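> Show me how the following folds:
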Amino acid sequence: MVVYKICSGQYTYIGSTSRALSQRINEHNYRLGDPVAHSRYANTKLYTKLRELGVTKICSENCEFICEGNQIEEQIEMNKIPMEYSLNSIRCKA
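Next up, the predicted model:
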């Protein structure tokens, strides 16, 4: 599992994936790109704030690999982000 973060300004999202990080980024970009087509996911805190901030694409400039880990490491990273700047909607499932 890979733990990663997406940043824009002061705001940060912490995520994890068991797939390739590039594949997960593509999924984020797909959902970020068309909120009407992806109504179930496109209006989450992450995508709504990124659109407000003018982010149109997630790439190596705003997405960073943190570590190989598990949901415990993911939650540790989430806990480092002040709540008012966190783009995570819920805690991880650790």
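> All the helices of this protein, in order from the start?
21-33, 45-52, 71-79 (DSSP state H).
> With adjacent residues omitted, what lies nearest to the spatially most central residue of the chain?
Nearest residue to the geometric centre of the chain (CA atoms, centre = their mean): Tyr13, 4.1 Å. Among residues not flanking Tyr13 along the chain, Leu87 sits closest, at 3.8 Å (CB to CB, 6 or more residues apart in numbering). Yep, even glycine has a C-beta here, placed from its N, CA and C like the rest.
> what's the burial count for that neighbour?
Neighbour count of Leu87, defined by other CB atoms under 10 Å: 21.
> In this model Arg51 seems to touch it, though I could be wrong.
No - contact between Leu87 and Arg51 fails when scored by CB atoms under 8 Å: they sit 11.6 Å apart.
> Against Ala42, how distant is Asp34?
7 Å (CB to CB, to the nearest Å).
> which of the two has more neighbours?
Here Asp34 and Ala42 are compared on neighbour count by other CB under 10 Å; more neighbours surround Ala42, at 18 against 10.
> Show me the shaky parts of the chain.
Applying pLDDT under 70 to the chain picks out residues 35, 37-39, 91-94.
> coming back round to it: could the helices of the chain be laid out in JSON lines, adding distance to Ile6 and mean neighbour count?
Conversion of those to JSON lines gives the following (distance: least, CB to CB, whole Å; neighbours: other CB atoms under 10 Å):
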{"stretch": "helix 21-33", "distance to Ile6": "7", "mean neighbour count": "15"}
{"stretch": "helix 45-52", "distance to Ile6": "7", "mean neighbour count": "17"}
{"stretch": "helix 71-79", "distance to Ile6": "12", "mean neighbour count": "18"}
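> Of all those, which one comes closest to Gly9?
Gly9 lies closest to helix 45-52 among the helices of the chain, at 9.3 Å (CB to CB).
> Just the C-alpha atoms of that closest one, please, in PDB.
Extracted as PDB, the C-alpha positions of helix 45-52 are listed here (Å, rounded to 0.1, in the frame of the first residue of the first chain):
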ATOM      1  CA  LYS A  45     -14.600  17.900   0.300                       C
ATOM      2  CA  LEU A  46     -11.500  17.100  -1.700                       C
ATOM      3  CA  TYR A  47     -12.800  17.800  -5.200                       C
ATOM      4  CA  THR A  48     -15.000  20.700  -4.200                       C
ATOM      5  CA  LYS A  49     -12.100  22.600  -2.600                       C
ATOM      6  CA  LEU A  50      -9.700  21.800  -5.400                       C
ATOM      7  CA  ARG A  51     -12.100  23.300  -7.900                       C
ATOM      8  CA  GLU A  52     -12.500  26.400  -5.600                       C
END
